[in-house]
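Asks: turn this into a structure:
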Amino acid sequence: MPLSFVENKNESQRQKLVNAGKFHNIHWVILCLSALLTVLAWYFANEQVNQKVEERFQRESNHIIELVKDRMTLYEQALWGVVSLYAASDKQFGYVEFKKYATRLHIDETYPGINGIGIIYHIKPAQLPSYLANKQVERPNFTIHPKHQQNEYWPITYIEPEQKNNKAIGLDMAFETSRYTAIKKARDTGLAQLTGPITLVQDDKNTPGFLFFTPFYKHKAPIDTIEARQKNIVGVSYAPFIMFKLISGTLAIENRLVTIKISDQGHVLYDDRANTSTENIDNTPLYKETFKVDFYGRVWAFDIESNLAFKQASESYQPILILFSGIIIDFLILGLFIFLTRANRQALMYADSMNDELKIKTKRLEKSNHDLEEFAYVASHDLKSPLNAMCKLVNWLKEDCIDILPESSLKHIELLENRSERMSNLLNDLLDYARIERFDYKPETIQLATSVKEVFSLLDHDDNVTLTITNDVELIFPRIPFEIILRNLISNAIKHHDKPVIKITVSYVKENNMHKISIEDNGPGIPPELFNKAIEMFQTLKPRDKVEGTGMGLALVNKITLHYGGKLTIESDGICGTRINIMLPLQLK
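Replies: Numbering: from 1, shown residues only. Alright, predicted model coming up:
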């Protein structure tokens with residue numbers, strides 16, 4: 001080929017490289033696209049953050065409402081417990097019986113937020129004299145108050161703790177519309193009912209509260225209709241609540257990320273702004289929403305706002321970081337284009353020298369990798385002798401001193417023996433790991449079932465371990481690496497187990513022109529997020545004082561599999577059972 005032709009060809013190629021280094025329209029297009037992607041990334045990141053923050057607010061709000069619901073359900077069960085006590089007594093129990101029952105409840109400890117538990121009897125005008133006479137035998141000062149125009153009486157007969165609720169004893173629910181309406185509704189429906197907002201007579205601070213009623217009827221009387229329930233009503237068990245105490249016992253303000261206000265038909269029952277410190281209240285909340293919830297015949301409106309703690313916990317600089325990072329990247333790209341344009345000729349001039357230097361570095365890297373493998377092999381091999389000697393010394397020490405050393409020292413010797421054995425196993429695994437690419441093992445004819453049984457028989461296992469081989473096949477593969485694979489996988493299935501009966505299944509299938517050998521066990525499984533960690537060197541998924549292992553098993557199997565052009569995969573739900581799949585080529589290269 002003429003020299004002039006070669007020179008012209010090289011000059012043409014060089015000119016192409018020079019032209020490629022100039023600033024062209026394509027560079028501006030790239031910069032514009034990069035800027036557009038930056039803006040889009042910022043927008044979507046901002047939307048995603050806002051969505052997560054809103055979802056967090058919804059979770060916090062729903063959690064608050066559920067806590068109040070759960071607490072009210074607990075109180076309802078306590079009131080129905082009083083009803084059950086009446087049903088079991090087959091008569092109206094008196095002051096002494098109720099006091100004993102209430103004492104066993106430990107109201108202040110078991111039901112925080114409740115002001116007490118009591119009983120209200122339904123008294124008709126004709127029953128009033130005998131009722132008063134009966135109750136004044138128990139408590140001479142007992143009276144019904146205040147006077148009203150209704151043709152029936154619903155006096156608070158018993159309430160515990162009595163001392164802090166003394167003003168409520170004898171109070172007639174018929175004197176006031178909210179109380180009277182709720183108690184009649186409980187009677188007519190047979191269900192637990194709440195009053196509207198009221199002020200308890202025993203509350204000196206005159207803060208909002210309410211009453212909780214559950215009705216009880218005559219024994220074995222029909223109560224399937226309103227008329228039957230009105231006819232057979234005996235009374236109600238009830239609990240008075242001061243709303244501030246209820247919320248304080250249920251929703252500690254220091255544990256919340258939201259502030260709340262609870263209203264009943266426009267009447268405020270509770271408001272964080274009035275009852276707690278305003279240090280955590282956000283006057284410009286990120287989110288606020290009203291939730292209306294049915295509570296035993298009433299509709300409570302929960303006005304919930306995010307507070308300063310929520311704002312602090314929800315702060316995210318991710319969108320801003322993305323925006324500024326994108327802008328910086330855009331400028332870096334611009335600077336890179338300029339730099340490449342200016343440096344292109346110099347790059348061409350030094351191309352040959354750089355190529356020579358690259359070759360030198362490649363050779364050095366290859367030598368370094370070879371030296372590292374050589375070091376790993378030699379170090380593991382040379383450490384075996386002193387370690388074996390140390391193991392013998394430990395055994396001699398144990399034999400000579402077993403009868404004279406205290407138990408604590410024997411435990412130390414046993415610990416030293418275990419650690420020496422673990423070190424020996426680790427060195428063996430390191431040697432196997434280093435030998436994989438060091439030795440050229442020749443392929444042999446292997447009978448899968450025979451190899452599995454031989455490996456299994458050599459492993460230490462109890463009678464509770466069962467091995468099943470679903471099918472047999474003949475393989476052409478290096479025997480020693482193959483047995484290392486089987487030994488480690490079956491050994492792992494035996495060691496990492498939590499069942500009384502260990503079941504191990506070995507199966508084979510030809511898939512995608514490859515051997516697929518699967519070892520499956522019924523052990524605790526491997527969480528999917530730990531699959532990659534499981535095949536790293538020196539990694540164990542349990543503490544080393546619980547499972548004796550070097551953490552090399554799956555790493556060694558993975559390296560062998562990759563070395564021969566195969567692949568290792570893990571199948572597990574992380575709860576029960578693990579399936580390790582080994583894919584090996586049908587024909588080795």
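Asks: thought Ile30 was touching Ile333?
Replies: Yes. With contacts counted by C-beta atoms under 8 Å, Ile30 reaches Ile333, the gap being 6.8 Å. In short, each C-beta sits where N, CA and C put it, glycine included.
Asks: list the buried residues in stretch 143-157.
Replies: Neighbour-count burial for stretch 143-157, with 16 or more other C-beta atoms under 10 Å as criterion, is recorded at 144, 152-157.
Asks: how long is it from one end to the other?
Replies: Across its full length, stretch 143-157 reaches 10 Å between end residues, using C-alpha to C-alpha, to the nearest Å.
Asks: switch the buried residues of stretch 143-157 over to TSV; also include pLDDT.
Replies: As requested, those are arranged in TSV below (pLDDT from 0 to 100):
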residue	pLDDT
Ile144	95
Glu152	95
Tyr153	97
Trp154	97
Pro155	97
Ile156	96
Thr157	94
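Asks: distance check, Arg273 against Asn307.
Replies: With distances taken as C-beta to C-beta, to the nearest Å, Arg273 is found 11 Å from Asn307.
Asks: overlap in contacts, the two.
Replies: When contacts are counted by C-beta atoms under 8 Å, 6 or more residues apart in numbering, Arg273 and Asn307 have 259, 281 as shared neighbours.
Asks: more crowded one of these two?
Replies: In this comparison of Arg273 against Asn307, neighbours counted by other C-beta atoms under 10 Å, the higher total goes to Asn307 at 23 against 13.
Asks: for Asn283, see how far away the more buried one is.
Replies: Going from Asn307 to Asn283 by C-beta to C-beta gives 10 Å.
Asks: can you check Asn62 too?
Replies: Using C-beta to C-beta, which is the criterion applied here, Asn62 is 24 Å from Asn283.
Asks: so for these two, which sits in the more crowded spot?
Replies: Neighbours per residue (other C-beta under 10 Å) separate Asn62 from Asn283, with Asn62 holding more: 12 against 8.
Asks: which stretches of the stretch 1-150 of the chain have low pLDDT?
Replies: Low-confidence segments of the stretch 1-150 of the chain, defined by pLDDT under 70: 1-23, 90-93.
Asks: and the helices in it?
Replies: The residue ranges that make up the helices of the stretch 1-150 of the chain, judged by DSSP state H, counting those that start in this stretch, are 3-20, 25-89, 95-105, 107-110, 128-138.
Asks: and if you look at the stretch 451-589 of the chain?
Replies: Chain-ordered helices for the stretch 451-589 of the chain, with DSSP H, counting those that start in this stretch as the definition, fall at 479-495, 531-534, 553-563.
Asks: pick out the shakiest of those helices, pLDDT-wise.
Replies: Across these, helix 531-534 has the smallest mean pLDDT, namely a mean of 81.
Asks: Leu246: which of the helices of the stretch 1-150 of the chain is closest?
Replies: Ranking these by distance to Leu246, with C-beta to C-beta as the measure, places helix 25-89 first at 7.4 Å.
Asks: run the chain-centre distance for that closest one.
Replies: Taking C-alpha atoms, centre = their mean, to the nearest Å, one finds the center of helix 25-89 at 16 Å from the center of the full chain.
Asks: stretch 181-200 too?
Replies: Computed by C-alpha atoms, centre = their mean, the separation of stretch 181-200 from the middle of its chain amounts to 41 Å.
Asks: please apply the same query to stretch 128-148.
Replies: The gap between where stretch 128-148 is centred and where its chain is centred comes out at 58 Å by C-alpha atoms, centre = their mean.
Asks: give the buried residues for it.
Replies: Neighbour-count burial for stretch 128-148, counted by 16+ other C-beta under 10 Å, picks out 131-132, 135, 142, 144.
Asks: ok, now which ones touch Ser518?
Replies: Shown in contact with Ser518 (C-beta under 8 Å, 6+ apart): 505-509, 579-582.
Asks: before we move on, back to that, nearest to His267 among the buried residues of stretch 128-148?
Replies: For the buried residues of stretch 128-148, the minimum distance to His267 (C-beta to C-beta) is 27.5 Å, reached by Ile144.
Asks: how much space between that closest one and Ile120?
Replies: For Ile144, the distance to Ile120 (C-beta to C-beta) stands at 11 Å.
Asks: overlap in contacts of those two?
Replies: Residues touching both Ile144 and Ile120 (C-beta under 8 Å, 6+ apart) are Pro155.
Asks: hang on, Thr259 packs against Ile281?
Replies: Yes. The criterion here is C-beta under 8 Å, and Thr259 meets it with Ile281 at 5.5 Å.
Asks: could I get the full set of helices for the stretch 251-400 of the chain?
Replies: So, for the stretch 251-400 of the chain - with DSSP H, counting those that start in this stretch - the helices run 272-275, 308-314, 318-349, 351-401.
Asks: least reliable of those going by mean pLDDT?
Replies: When these are compared by mean pLDDT, helix 351-401 comes last with a mean of 63.
Asks: pLDDT weak spots in the stretch 451-589 of the chain?
Replies: When residues are selected by pLDDT under 70, those of the stretch 451-589 of the chain lie in 537-551, 589.
Asks: what about the strands in it?
Replies: Listed in chain order, the strands of the stretch 451-589 of the chain (DSSP state E, counting those that start in this stretch) span 465-469, 474-478, 502-511, 514-521, 567-571, 578-585.
Asks: could you list every helix and strand in contact with the third one?
Replies: Here strand 502-511 is seen to pack against helix 448-458, strand 465-469, helix 479-495, strand 514-521 when contacts are counted using 3 or more C-beta pairs under 8 Å, 6 or more residues apart in numbering; DSSP states H and E.
Asks: what's the shortest one packed up against?
Replies: Just to be clear, that refers to strand 465-469. Counting contacts by 3+ C-beta pairs under 8 Å, 6+ apart, strand 465-469 is packed against helix 448-458, strand 502-511.
Asks: any chance of the ones you listed in TSV, plus mean neighbour count and distance to His24?
Replies: Output for the helices and strands packed on strand 465-469, formatted as TSV (neighbours: other C-beta atoms under 10 Å; distance: least, C-beta to C-beta, whole Å):
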stretch	mean neighbour count	distance to His24
helix 448-458	16	61
strand 502-511	17	49
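Asks: for Lys220, give its distance to Ser84.
Replies: Separation of Lys220 from Ser84 (C-beta to C-beta) stands at 15 Å.
Asks: neighbour count for the two, which is higher?
Replies: Under the criterion of other C-beta under 10 Å, the comparison of Lys220 against Ser84 puts Ser84 first, with 13 against 9.
Asks: how about the contacts made by the closest residue to Val293 other than its chain neighbours?
Replies: Taking C-beta to C-beta, 6 or more residues apart in numbering as the measure, Val293 lies nearest to Trp300, with 5.4 Å between them; neighbours along the chain are not counted. Taking C-beta under 8 Å, 6+ apart, we find Trp300 in contact with 262-264, 269, 292-293.
Asks: try it again at 7 Å.
Replies: Taking C-beta atoms under 7 Å, 6 or more residues apart in numbering as the contact definition, Trp300 lies against 262, 264, 293.
Asks: most neighbours among those residues, which one?
Replies: Neighbour counts for the contacts of Trp300 peak at Ile262, which has 25 neighbours (criterion: other C-beta under 10 Å).
Asks: show me what contacts it?
Replies: Contacts of Ile262 were listed using C-beta under 7 Å, 6+ apart, and they are 269-270, 300, 302.
Asks: CSV for these, including pLDDT?
Replies: As requested, these are arranged in CSV below (pLDDT from 0 to 100):
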residue, pLDDT
Leu269, 92
Tyr270, 92
Trp300, 96
Phe302, 96
